[in-house]
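my questions concern the predicted model and sequence given below.
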Amino acid sequence: MAIVLGLPKGSLQESTFALFKRAGFNVSCSSRSYYPSIDDEEIKCRLLRPQEMSRYVELGKIDAGICGYDWIYENGSDVHEICELNYSKATSNPVRWVIAVPNDSPIKTVKDLEGKRISTEAMGLVKRYLDSNGVKADVEFSWGATEVKAPELVDAIVDLTETGSSLRANNLRIVDTILTSTTRFIANKTSWQDAAKRAKLEQLKMLLTGALEAQRRVLLKCNAPEASLDAVVKAMPALHAPTVNRLNDSGWYAVESVVEERQVRDLIPALKASGATGIIELPLNKIIF
């Protein structure tokens, strides 16, 4: 038994391969190949554009795949969502489909798009949004470089943004957000009912989500004399409780805990002030809850 797994080609490809690496799988692919190799005999990978991933999963051409919720919504695909994977091209933040216009455009709201020309790659998404707002506009498909089409070719664009930097670089401002999207791990419904395939997909879910959880946490370790132990333990946050072990040196203890990385810059001085010594910070690959 082997599952056929679709991996996203394009902007998500590099970050997806890196995620699989942290999850324990080595995935590699030459620049001209659409068949990545993976060091797991139970998985066969296919490289597909995210825009079409959910369609092939729904049709059963592949057992499972990774793509954005936006393309599942755009395609109206009937698939089983295994889990949400909070990662994207540059950050762990969701991406947004936004209406953008030139900075000096008179368009301020969706109602101002009446009769205007809009360029986008997600035509279904935009048409449903306009219909829900009672607006009629000319929506045309964009084959790429959407940001540069306004104002010379179109009045507005609907494009995907993660940080907004590309829009700002092209002198565009956001009028409205149509859809917020995150990456999803999806499966064909028939494949999900297959016990062996489901077990493998659930294993993948556990390892991938564990790798993502570890991205924002670190292992913090320190030593504490007995007189300071209570203060150090109190200062150390933990998923449940810090681990405390007696050292070979009488009167000393080792204290360790998994903490959020963003806390560390304030936590280390607090631990030091509480009497901790030998403080070290270590990265993590996976955290399984």
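Good, I have the coordinates. Numbering: from 1, shown residues only.

quick one: buried residues of the helix-or-strand element of the chain with minimal mean pLDDT?
Taking mean pLDDT, DSSP states H and E as the measure, the helix or strand of the chain with the lowest value is helix 165-169, at a mean of 88. By 16 or more other Cβ atoms under 10 Å, the buried positions in helix 165-169 come out as residue 167. All C-beta spots, glycine's among them, are computed from the backbone N, C-alpha and C.

CA atoms of whichever helix or strand comes after that helix as CSV?
Using DSSP states H and E, the helix or strand that follows helix 165-169 in sequence is strand 172-181. This file holds the C-alpha atoms of strand 172-181, laid out as CSV (Å, rounded to 0.1, in the frame of the first residue of the first chain):
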residue,chain,number,x,y,z
LEU,A,172,-1.6,49.8,-4.5
ARG,A,173,-3.9,50.1,-1.5
ILE,A,174,-6.3,47.5,-0.1
VAL,A,175,-10.0,48.3,-0.4
ASP,A,176,-11.4,45.1,1.2
THR,A,177,-10.5,41.5,2.2
ILE,A,178,-12.5,38.9,0.3
LEU,A,179,-11.2,35.7,1.9
THR,A,180,-8.6,34.7,4.5
SER,A,181,-7.0,31.4,3.8
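
that's a strand at residue 81, yeah?
Yes - the assignment for residue 81 is a strand, going by DSSP: H, G, I helix; E, B strand; the rest coil.

pull the contacting residues for it.
Residue 81 sits next to 72, 184-186 when contact means Cβ atoms under 8 Å, 6 or more residues apart in numbering.

could you do residue 227 as well?
With Cβ under 8 Å, 6+ apart, residue 227 has these contacts: residue 275.

quick revisit: so of the contacts of residue 81, which ones are in strands?
184-186 (DSSP state E).

among those, which one lies nearest to residue 162?
Set against residue 162, the nearest of those by Cβ to Cβ is residue 184 (16.2 Å).

quick check: closest non-adjacent residue to residue 148.
Of all residues not flanking residue 148 in the chain, residue 170 sits nearest, at 6.3 Å (Cβ to Cβ, 6 or more residues apart in numbering).

typo on my end, it should be residue 246
Using Cβ to Cβ, 6+ apart, the closest residue to residue 246 is residue 253 (5.8 Å).

check which helix or strand covers that neighbour.
Here residue 253 is assigned to strand 252-260, by DSSP H and E.

next SSE downstream of that strand?
Counting by DSSP H and E, what follows strand 252-260 is helix 264-274.

and whatever helix or strand comes next after that following helix, how far out from the chain middle?
Next helix or strand after helix 264-274 toward the C-terminus (DSSP H and E): strand 277-283. Centroid separation for strand 277-283 versus its chain: 28 Å, with Cα atoms, centre = their mean, to the nearest Å.

hang on, the earlier thing: ok, the residue nearest to residue 246 - how many residues close by?
Other residues near residue 253 number 18, with proximity taken as other Cβ atoms under 10 Å.

where do the helices sit along the stretch 1-150 of the chain?
With helices called from DSSP state H, counting those that start in this stretch, the stretch 1-150 of the chain shows them at 13-23, 50-59, 69-75, 123-132.

gap between residue 26 and residue 209?
19 Å (Cβ to Cβ, to the nearest Å).

just residue 188 next, same as before
Counting by Cβ to Cβ, the gap from residue 188 to residue 209 is 20 Å.

what about the two, which has more around it?
residue 188 (24 against 21).

brilliant, that's me finished.
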